[in-house]
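# dropping a prediction and its sequence here:
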Amino acid sequence: YRIGHWDFVRRPQSDSCVGILAITPRQEIVLVEQFRIPIQRRVIELPAGLVGDEDAYQGESLEETARRELLEETGYRAQAMTKLLSTPTSAGMTSEFSHLFHATGLSREHAQNSAFDLKRANESSKLNSLKGRQIEMLPAPGGFAPPASTGLALRA
């Protein structure tokens, strides 16, 4: 899209996404690792998803989307889901807003992605969980530094 001289991205089906900071009973942060087409790399990131991007999810609240995405991507169900903040995803690049939730009281319902059709979504992901001290912010190989939510590297 273009307004005046400014080019930006607008998704046709959604203008919002959710991210979930999920903490297990063992005080681990739940992360997913998946290949992201726009950057042609695997990234480690918070569970996340688009709001109302499919007909079946039109009208779904932000919290309902966060709960569904957490369950689909990780197999965890949250007892409590608290909204932490809402912010433009990248105000100079997209009209999308990100809504970050804190999920606690997690219980494992099923193996990750068992309720999710990965072929339909064109995604393949792997579940990770880390103690806070195990996460270190590092630029990716080749000097590329992705956003904080995806620029996580594991310490050896």
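Happy to help now that I have it. Residues are numbered from 1 along each chain as shown.
# longest helix of the chain, counting residues only.
Counting residues, the longest helix found in the chain (DSSP state H) is helix 62-74.
# check which helices and strands that helix sits against.
Applying 3 or more CB pairs under 8 Å, 6 or more residues apart in numbering; DSSP states H and E, one finds that helix 62-74 makes contact with strand 16-22, strand 28-36, strand 48-50, strand 76-77, strand 80-88, strand 97-104, strand 125-131. C-beta here means a position set from N, CA and C on the backbone, and glycine is covered the same way.
# ok, of the ones you listed, where does mean pLDDT dip lowest?
Mean pLDDT per stretch puts strand 125-131 lowest among the helices and strands packed on helix 62-74, at a mean of 62.
# out of the helices and strands packed on helix 62-74, deepest packed?
Of all those, strand 16-22 has the most neighbours on average by mean count of other CB atoms under 10 Å, namely a mean of 22.
# got the angle for that strand vs strand 80-88?
130 degrees (axes from the mean of the first three to the mean of the last three CA atoms, to 10 degrees).
# spatially central residue for this structure, please.
Ranked by distance to the mean C-alpha position of the chain (CA atoms, centre = their mean), the top residue is Ala48 at 2.1 Å.
# contact partners for it?
17-20, 69, 73, 149 (CB atoms under 8 Å, 6 or more residues apart in numbering).
# about what we covered before: so what's the gap between the longest helix of the chain and the chain middle?
10 Å (CA atoms, centre = their mean, to the nearest Å).
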